[in-house]
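*Asks:* How does the following fold in three dimensions:
(2 chains)
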Amino acid sequence: MARLFTFWLSHRGELATLLAQHVLLVTLSTAAAAIVGVPLGIFAARRPRVAAPIVAVTNIVQTVPSLAMFGFLLPVPLVGGIGARAAIVVLILYGLLPIVRTTIAGITGIDASIREAGIAMGMTSRELLRQVELPLALPSIAAGVRVAAVVAVGSATIAAAIGAGGLGEYIYRGLSMVDSIVILAGAVPAALLAIVVDAVLLWAERRLTRRRRGRSAGALAVAACAAIVLVSSAAMAGRTRGAIIVGSKNFTEQVILGEIVAQTIERQAGLPVLRRLNLGGTLICDRALLTGDLDVYVEYTGTALTAVFHRPVATDSATVYNSVRELYAARGQTLLGALGFNNTFAILVRGADARRLGLKTIEDGARQAPHWQAGFGYEFLERPDGFPGLARAYDLRFAAAPRVMDLTLSYRALATGQVDLIAGDATAGLIGALDLVQLEDNRRFFPPYDAAPVARAQTLLRYPAVRRALEGLAGRISADDMRRLNYAADAEHRDVPALVSAFLKGVM
Amino acid sequence: MPALTFDDVTFSRPGGTRILDHFHLDVAEGEVLALVGRSGAGKSTVIKLVNRLLVPEAGRVSVEGRATREWDPIRLRRRIGYVIQDVGLFPHMTVAENVAVVPRLEGWSGERIAARVDDLLELVALPTARFGARWPDELSGGQRQRVGVARALGIDPPILLMDEPFGALDPMTRAELQAQFRSIQGRLRKTVILVTHDMREAFALADRVGILDEGRLLVCDTPAAVQQSRNARVRQLLDAALAGPRESS
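*Replies:* From the prediction side, this is the model:
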């Protein structure tokens, strides 16, 4: 609990920005959903034959998981891509259902004799709508808007996956760092915000339905929304336009690398940087780079080869780097110099064993294997470029079948002697902290995952200083450096920007 | 020229049940015509054909000499006041706002509307000072009905259609409103079609009474003439309707 408050206190500026972003996302999307949904509901209420399909479509939209929806929208021009705009589009789609439904219910629920009286008095259909139907349906519509807004507070946390900001940033950051305090730092204010939004709108709704009112309370609600938008926009005004946009995927190492790239550009090229860290995966980063929503992020050569370009696995580091560089170039993107570490699978043993037995390579380890118990993550056991291939390449035979265990737990299992050999990530922070040693893949079985920034060629041409700054990073980050940085962020909960700033002062 | 004319009008429900079958009716200007008949006999249909909530399947309904099909429905309806049994007061408007609806639709000035609302509420004995700011659900059934009448008279339409206007009221209130109706009609001389299932009410209020049966008028004459009709079907209906204990007036 105390850590949570400490975190908020030390991140209060950022917290305020994220909260403002969140409120803005919710307000804009709910307002837009109402602007679209109410007329749609009115239209449907007047034509019952149209109502069923409209409700069916909004229902279906509602059942699409939000991440999948972002995925669908990524390649769509104008509304898609990453950032707040795409997030708002998705939130609008989610807000439509409750608003359309309650509008239809509000209008069709009006007593037939009241509607008939209006028609018989000679109201045109517009007069009937404005003077009778809408005022009477208003309480129902207001309830729908309230539901939509509360739902949007929740859905907006997902928006962080596509770099739209908001309190979801902390949730994603916390998930990627496996740090529940950071998760709570975002989840608690989001929950409180939902309660506040619900209460405020309920109050507005009561004012609307209490009849001595009409226009004044309606105007009040509109004014309140406008005020919220203004305040939130002002709070976000610090956001720079025309900045270099730096992205990252959503795990600790990527966030650190994104911060390294961002600070390097800020310091060396003197350009403003917009950070869109913690994006939801390789696909999203790649699409964003294609559409120009990102200027640069750090990718791994092996991942680019297989996941981005769908080419078969290759094992020579330089070959992979060069073919990926050419594939990127053909798309107008530039793969810059590799940073200096390879985030591949790492075959790990205890440091004490390695020193005692003089183990350097996997080949050395294979000789000890008959006396050892191995522990592998499920994925490594299954993948063809995991244990099955490795066992063939090195003729590995263990005393017993390898134990299946969670990847993060296997480091400690190795350190405490429950197993004798594991396959981890080469840059895992725990490697140094637990005195583990990586055996060299001397037969080059594992594909290379060399980290290198990839940028839009256009951006580099326009800002040569960015290119110079990023080339300056080539070969500067060793696997040991990366492990230490990961450890400091994950295990010591150090603040990433401060950590990176200190690191860059050391290497530059 | 009669204010309202039904000339050989036929009308069926969407399902196909025939409600009016070669129906004829003339209503003179300033006349109160009561339509009686069993429920489902088509009384309300007659009224809705006048203000074009319905259009005839065959034949011609004329208002002031012009067929309803040829009227602009909005203009037509604003010349016709409409009072229905469940009143249909707008629950989100005060008494005064309800009465002001049609004058406002007609774009009257605020002062003129206020003066008109005062007059009308005075006419139905619900003075603005006491009742103008009330909400419909704060009124008794009889008061709501009177607001309904005042609202129907908003821009002084020459024609008034009343569908069971006193139907849902207790006998005392009903008698009171009938008396009030007579006195108002004595002053305003509107052309009125009054639909009721209550034969006594028809005889008490109308200049002529029409009995609707199986889609046609069995008889349409002054109360005295109808009461003396020799037509067997009319006698049968009259005896059934008037046999029960007298409930009012």
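*Asks:* Please name the nearest non-neighbouring residue to residue 26.
*Replies:* Reading this off chain A. A:Ala152 (4.5 Å; C-beta to C-beta, 6 or more residues apart in numbering or on different chains). No exception for glycine: its C-beta is placed from N, CA and C like everyone else's.
*Asks:* meant chain B, my bad for not saying
*Replies:* Nearest one to B:Asp26, counting by C-beta to C-beta, 6+ apart, is B:Pro2 at 4.1 Å.
*Asks:* wouldn't that neighbour be in contact with B:Glu29 here?
*Replies:* Yes - B:Pro2 lies in contact with B:Glu29 (C-beta atoms under 8 Å); the separation is 7.3 Å.
*Asks:* Which single residue of the stretch 51-200 of chain A ends up nearest chain B?
*Replies:* A:Ala117 (3.0 Å; C-beta to the nearest C-beta).
*Asks:* my guess is that residue meets B:Gly88, correct?
*Replies:* Yes - at 3.0 Å, A:Ala117 and B:Gly88 qualify as touching, with contact defined as C-beta under 8 Å.
*Asks:* touching chain B at all, stretch A:100-110?
*Replies:* No - against chain B, stretch A:100-110 shows no contacts by C-beta under 8 Å from any C-beta of the partner chain, the least distance being 9.5 Å.
*Asks:* For chain B, spot the helix or strand the model is least confident about on average.
*Replies:* Scoring the helices and strands of chain B by mean pLDDT, DSSP states H and E places helix B:232-243 at the bottom, with a mean of 80.
*Asks:* so where do the strands sit in chain A?
*Replies:* A:244-249, A:273-279, A:296-300, A:333-335, A:345-350, A:374-376, A:403-404, A:421-425, A:436-439, A:451-456 (DSSP state E).
*Asks:* Does the least confident helix or strand of chain B pack against any helices or strands, and if so which?
*Replies:* If contacts are counted by 3 or more C-beta pairs under 8 Å, 6 or more residues apart in numbering or on different chains; DSSP states H and E, helix B:232-243 sits against helix B:199-205, strand B:208-213, strand B:216-221, helix B:223-227.
*Asks:* Apply 7 Å and report the result again.
*Replies:* Other elements packing on helix B:232-243 under the criterion 3 or more C-beta pairs under 7 Å, 6 or more residues apart in numbering or on different chains; DSSP states H and E are helix B:199-205, strand B:208-213, strand B:216-221.
*Asks:* Turn these into CSV, including mean pLDDT and distance to chain A.
*Replies:* Below are the helices and strands packed on helix B:232-243 laid out as CSV (pLDDT from 0 to 100; distance: least, C-beta to the nearest C-beta, whole Å):
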stretch, mean pLDDT, distance to chain A
helix B:199-205, 90, 21
strand B:208-213, 92, 21
strand B:216-221, 88, 24
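*Asks:* Enumerate the residues of chain B near chain A.
*Replies:* Neighbours of chain A within chain B, by C-beta under 7 Å from any C-beta of the partner chain: B:51, B:53, B:74, B:77-78, B:82, B:84, B:86, B:88, B:90, B:92, B:101-102, B:105, B:135.
*Asks:* In helices, which of these appear?
*Replies:* B:74, B:77-78, B:101-102, B:105 (DSSP state H).
*Asks:* what about the closest residue to chain A within chain B, neighbour count?
*Replies:* Minimum separation of chain B from chain A (C-beta to the nearest C-beta) falls at B:Gly88, amounting to 3.0 Å. Other residues within reach of B:Gly88, judged by other C-beta atoms under 10 Å in any protein chain shown, total 26.
*Asks:* count of residues packed around the residue of the stretch 51-200 of chain A closest to chain B?
*Replies:* A:Ala117 has 26 nearby residues by other C-beta under 10 Å.
*Asks:* Just the helices from the stretch 51-200 of chain A, written as ranges.
*Replies:* Here the stretch 51-200 of chain A has its helices, by DSSP state H, counting those that start in this stretch, at A:66-73, A:84-108, A:112-120, A:125-128, A:134-155, A:168-177, A:180-209.
*Asks:* Mean pLDDT added to those, as JSON lines?
*Replies:* Converted to JSON lines, the helices of the stretch 51-200 of chain A look like this (pLDDT from 0 to 100):
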{"stretch": "helix A:66-73", "mean pLDDT": "74"}
{"stretch": "helix A:84-108", "mean pLDDT": "88"}
{"stretch": "helix A:112-120", "mean pLDDT": "90"}
{"stretch": "helix A:125-128", "mean pLDDT": "91"}
{"stretch": "helix A:134-155", "mean pLDDT": "90"}
{"stretch": "helix A:168-177", "mean pLDDT": "77"}
{"stretch": "helix A:180-209", "mean pLDDT": "87"}
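*Asks:* The most centrally placed residue in chain B bridge partners, please.
*Replies:* Nearest to the geometric centre of chain B sits B:Met162, at 1.4 Å (C-alpha atoms, centre = their mean). In this entry, B:Met162 is beta-bridged to B:Val83, B:Leu194, by DSSP bridges.
*Asks:* so what's it up against?
*Replies:* B:Met162 sits next to B:83, B:192, B:194-195 when contact means C-beta atoms under 7 Å, 6 or more residues apart in numbering or on different chains.
*Asks:* Centre of the chain to stretch B:198-206, how far?
*Replies:* 13 Å (C-alpha atoms, centre = their mean, to the nearest Å).
*Asks:* Let me fix that, I meant to ask about stretch B:95-115.
*Replies:* Distance, centroid of stretch B:95-115 to centroid of chain: 22 Å (C-alpha atoms, centre = their mean).
*Asks:* go on, stretch A:318-326?
*Replies:* Centroid separation for stretch A:318-326 versus its chain: 28 Å, with C-alpha atoms, centre = their mean.
*Asks:* go on, stretch B:211-231?
*Replies:* Taking C-alpha atoms, centre = their mean, one finds the center of stretch B:211-231 at 19 Å from the center of the full chain.
*Asks:* How about stretch B:222-240?
*Replies:* Its chain's C-alpha centre lies 23 Å from the corresponding centre of stretch B:222-240 when counted by C-alpha atoms, centre = their mean.
*Asks:* ends of that stretch, how far apart?
*Replies:* 20 Å (C-alpha to C-alpha, to the nearest Å).
*Asks:* In it, which residues are buried?
*Replies:* In terms of neighbour count (16 or more other C-beta atoms under 10 Å in any protein chain shown), stretch B:222-240 has its buried residues at B:223, B:226, B:229, B:234, B:237-238.
*Asks:* now for the helices and strands packed on helix B:232-243, which one comes closest to A:Leu421?
*Replies:* Among the helices and strands packed on helix B:232-243, strand B:208-213 comes nearest to A:Leu421, with 99.7 Å by C-beta to C-beta.
*Asks:* Now do that closest one against strand B:216-221, angle only.
*Replies:* Going by axes from the mean of the first three to the mean of the last three C-alpha atoms, to 10 degrees, strand B:208-213 is angled at 160 degrees with respect to strand B:216-221.
*Asks:* number of nearby residues for B:Trp108?
*Replies:* 17.
*Asks:* quick one, longest helix in chain B?
*Replies:* helix B:171-188.
*Asks:* CA atoms of that one as PDB?
*Replies:* What follows is helix B:171-188, C-alpha atoms only, in PDB (Å, rounded to 0.1, in the frame of the first residue of the first chain):
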ATOM      1  CA  PRO B 171     -70.500  10.300 -12.200                       C
ATOM      2  CA  MET B 172     -70.300  13.500 -10.200                       C
ATOM      3  CA  THR B 173     -67.400  14.900 -12.100                       C
ATOM      4  CA  ARG B 174     -68.900  13.700 -15.300                       C
ATOM      5  CA  ALA B 175     -72.200  15.600 -14.700                       C
ATOM      6  CA  GLU B 176     -70.200  18.700 -13.800                       C
ATOM      7  CA  LEU B 177     -68.200  18.500 -17.000                       C
ATOM      8  CA  GLN B 178     -71.200  17.900 -19.200                       C
ATOM      9  CA  ALA B 179     -72.800  21.000 -17.700                       C
ATOM     10  CA  GLN B 180     -69.600  22.900 -18.400                       C
ATOM     11  CA  PHE B 181     -69.500  21.600 -21.900                       C
ATOM     12  CA  ARG B 182     -73.000  22.800 -22.600                       C
ATOM     13  CA  SER B 183     -72.200  26.200 -21.300                       C
ATOM     14  CA  ILE B 184     -69.000  26.500 -23.300                       C
ATOM     15  CA  GLN B 185     -70.600  25.300 -26.400                       C
ATOM     16  CA  GLY B 186     -73.500  27.800 -25.900                       C
ATOM     17  CA  ARG B 187     -70.900  30.500 -26.200                       C
ATOM     18  CA  LEU B 188     -68.400  29.100 -28.800                       C
END
